[in-house]
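K.L.:
Attaching a predicted model along with its sequence, questions to come.
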Amino acid sequence: MEENNESESGTWYPLFNPDVMFDKPEFELGMIFSNRVEFKKAVQSHAIAAKRSVKFTKNAPERVYARCKDKECGWKLTILNLNDEETYQIRDYQPKHTCAPSFKMSVFRQDVMDDLGCDVSKDQAHRAKRLALKKLEGCPDSQFSRLWDYAEELKRTNPGFTLIVGSVEDDNGDTRFNRLYICLDAVKKGFVACRPLIRVDGCLLKGPHKGILLTAVTTRKTLKDNGF
């Protein structure tokens, strides 16, 4: 928030800046919006970023209510019109989502059709979702390219820490990430007190780059102790 607005009582309130805040909007009590359309777009952007489904339970000239579609979730947002002007202010805000992240494609399509008044195909919705997630979470390829920097920083800040980055060379001669081994110093010391038996638990990774996350598991030498 780069701007503030002063009320008649002399109190300063934050202004919503659409130029910098639409990607990941951050709301707070007292925030001022230029109009209802700006507020609704901000709420829709929040729903995409938070992976939640949000609905407008009231959309009147004098006030707008927004709530999470999960009936058990406590997230809600209310704005009121200021003195019959175009501007609106947040008067009630519960910022915490108590529901699990979920953004169904059918709900997304219906929200877009209700808002824009046009039909949206499943393919269009999926393409829009991929573009939105890429903008919010970044490109996986560029994130993988930073793994070597991440490894060096971990080695610098964690004495005794072991981290090995394995790479391969592709057909173009470029270095590509292949595998990663991590072992914390505290884990090394803890294994000394464990039984000489190691189990490996695997988890398949989803996303554009598939893989497997393997974790070494063992148990303490005494039966009363938990797994390690």
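P.N.:
Perfect, thanks for sending it. Numbers count the residues shown, from 1 in each chain.
K.L.:
what are the ranges of the strands in this structure?
P.N.:
Assigned by DSSP state E, the strands in the chain fall at 4-6, 12-14, 32-33, 54-59, 63-68, 76-81, 88-94, 162-169, 175-183, 199-205, 211-217.
K.L.:
does Thr162 really touch Cys183, like I thought?
P.N.:
Yes: using Cβ atoms under 8 Å, Thr162 is in contact with Cys183, at 4.4 Å. Where C-beta positions appear, they are placed from N, C-alpha and C, glycine not excepted.
K.L.:
So what's the residue count around Glu62?
P.N.:
By other Cβ atoms under 10 Å, the residues close to Glu62 number 10.
K.L.:
any idea how far it lies from Phe33?
P.N.:
14 Å (Cβ to Cβ, to the nearest Å).
K.L.:
among the helices and strands of this structure, which has the poorest mean pLDDT?
P.N.:
Ranked by mean pLDDT, DSSP states H and E, the weakest helix or strand in the chain is strand 4-6, scoring a mean of 57.
K.L.:
show me the contacts for the closest residue to Pro159 other than its chain neighbours.
P.N.:
For Pro159, ignoring the flanking residues on the chain, the nearest one in space by Cβ to Cβ, 6 or more residues apart in numbering is Asp185 at 6.7 Å. Taking Cβ atoms under 8 Å, 6 or more residues apart in numbering, we find Asp185 in contact with 158-162.
K.L.:
so which of the strands of the chain is the most packed in?
P.N.:
strand 32-33 (a mean of 22; mean count of other Cβ atoms under 10 Å).
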